[in-house]
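J.: Model the structure of this input:
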Amino acid sequence: MIERGATSVKPDTKAGDTPAAPQWFEDANSSPFEAGFVEVEGAQIEHRTWGERGRPGVLLMHGNGAHLGWWSFLAPLLATDYRVTAFSFSGMGRSSWREAYSIGQYTREAFAVSEATGIDQSGPPVFIGHSLGGYPVLHAGAAHPHKLRAAVIVDSALAGPEMTAIPSKPSGKSYPDIDTALTRFRFSPRQPCENAFIVEHMARMGLGQLPDGNWTWRFDPALWQGAEMGDLWGDLARVGVPLAIVRGAKSDLTAGAMMRRIRGTAPEGTRFIEIPEAYHHVMADQPLALIACLRTLLAAWA
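T.: Numbering: from 1, shown residues only. Just a heads-up that it's a prediction; the model follows:
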């Protein structure tokens, strides 16, 4: 959280002490949506959808240890012109846990959710993924380009020697009450964020109560034990649909050598966009700038 009027920046942001949210945020969170689950290879996958059937479709995918709530306050801002779905990958949010996870599995979940929510009724949808969510977007665009209109990845760093900022792995800690849990929420990687109302929203939607009354985060602590990531750099090179790569201008994950390799690997014609003053968790610290960027891309691909 940036301290206004101070010369230093706190090293991370936490939930629990939240000022009043702006009107656009309140309006977005009060927008009507359809909610449900779809079974995908034995797991129940939660999803929410905004906007009328028959409009062009958009599918939003979250990052590591997150859930559909990371997009739920922005999806309504796209739903005036599109049918927009956000979902939680298996092992995260309210979706079921699995014995093992893979990017291929997450890609199949994405297509199953697209079909179940009808965002593909007017033609192939646009897939948009933040961080980890960018991996199934790339895989879908490389392996199944006929099923996508276009693809956007938002500050997704790919494994390799260029990855100098490593996010921490999720833990399975629990807390005696929800207020204590909220004070323990941290972004990974750490970053400042002035929008405490967004941090609070993300944290609350990510908490669940255990049978003993304690509270814990809604993700599988064993999420990445043996997870199959596939050939992500190969997927990037083979994407067969219009592709945009969006990064936070202050993100350590996609800075320097990482972005140089991404630029050198991405297909010709890929659009590269930086969001000013944004760190890795772009939707938290620069939400309206991100929406303006996405709306512009979607209009160009219409």
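J.: the strands in the stretch 51-200 of the chain, which residues?
T.: 57-61, 83-87, 126-130, 150-154, 174-175 (DSSP state E, counting those that start in this stretch).
J.: Run through who's touching the fourth one.
T.: Under the criterion CB atoms under 8 Å, 6 or more residues apart in numbering, residues 126-131, 133-134, 137-138, 140-141, 239, 241-247, 282-283, 290, 294, 297, 301 lie in contact with strand 150-154. Bear in mind the C-beta positions are built from the backbone N, C-alpha and C, glycine included.
J.: now the shortest one
T.: Outside strand 174-175, the residues within contact range by CB under 8 Å, 6+ apart are 181, 184, 210, 214-216.
J.: Can you name the residues that contact E162?
T.: Counting by CB under 8 Å, 6+ apart, E162 has contacts 256-258, 260-261.
J.: Kindly report the same for G234.
T.: Counting by CB under 8 Å, 6+ apart, G234 makes contact with A142.
J.: Phi and psi next, for it.
T.: phi -60, psi -40 (degrees, to the nearest 10).
J.: One more: L68?
T.: phi -60, psi -20.
J.: Please name the nearest non-neighbouring residue to it.
T.: A86 (4.1 Å; CB to CB, 6 or more residues apart in numbering).
J.: Verify the contact between that neighbour and A75 for me.
T.: Yes. Counting by CB atoms under 8 Å, A86 touches A75, with 5.4 Å between them.
J.: between the two, who's got more neighbours?
T.: Neighbour tally, A86 and A75, criterion other CB atoms under 10 Å: the higher count belongs to A86, 28 against 23.
J.: tell me the contacts of the more buried one?
T.: Shown in contact with A86 (CB under 8 Å, 6+ apart): 47-48, 59-62, 68, 70-72, 75.
J.: Which of the residues you listed has the largest number of neighbours?
T.: Result: M61 is most packed of those (other CB under 10 Å), 32 neighbours.
J.: The residue lying closest to that one once chain neighbours are set aside - how many residues pack around it?
T.: Spatial nearest neighbour of M61, chain neighbours left out: G133 (3.2 Å); criterion: CB to CB, 6+ apart. A count of neighbours around G133, defined by other CB under 10 Å, yields 27.
J.: how far away is H47 from D155?
T.: Here H47 is placed at a distance of 23 Å from D155 (CB to CB, to the nearest Å).
J.: just to revisit the earlier point, turn the strands of the stretch 51-200 of the chain into CSV, columns for distance to R108.
T.: Below are these laid out as CSV (distance: least, CB to CB, whole Å):
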stretch, distance to R108
strand 57-61, 13
strand 83-87, 12
strand 126-130, 13
strand 150-154, 16
strand 174-175, 31
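J.: Ok, which of these comes nearest A35?
T.: strand 83-87 (10.4 Å; CB to CB).
J.: Buried residues, the closest one. List them.
T.: 83-87 (16 or more other CB atoms under 10 Å).
J.: List just the nearest of the residues you listed to S102.
T.: Closest to S102, out of all of the buried residues of strand 83-87 and judged by CB to CB, is F87, at 16.6 Å.
J.: Show me what the closest one is bridged to.
T.: H47, M61 (DSSP bridges).
J.: Tell me the span between the first and last residue of stretch 64-74.
T.: 18 Å (CA to CA, to the nearest Å).
J.: same question but for stretch 77-95, I mixed them up
T.: Termini of stretch 77-95 sit 24 Å apart (CA to CA).
J.: So for that stretch, mean pLDDT?
T.: Across stretch 77-95, the average pLDDT comes to 98.
J.: do the same with stretch 177-196
T.: Rounded mean pLDDT across stretch 177-196 is 92.
J.: Just the terminal-to-terminal distance for it.
T.: End-to-end distance for stretch 177-196, by CA to CA: 20 Å.
J.: cool, stretch 147-162 as well?
T.: Termini of stretch 147-162 sit 31 Å apart (CA to CA).
J.: now do stretch 74-87
T.: Its first and final residues considered, stretch 74-87 spans 13 Å by CA to CA.
J.: list the contacts for the residue nearest to M259 when sequence neighbours are not counted?
T.: Nearest residue to M259, sequence neighbours excluded (CB to CB, 6+ apart): R247, at 6.7 Å. Residues in contact with R247, defined by CB under 8 Å, 6+ apart, are 154-155, 254, 259, 272-275, 278, 282.
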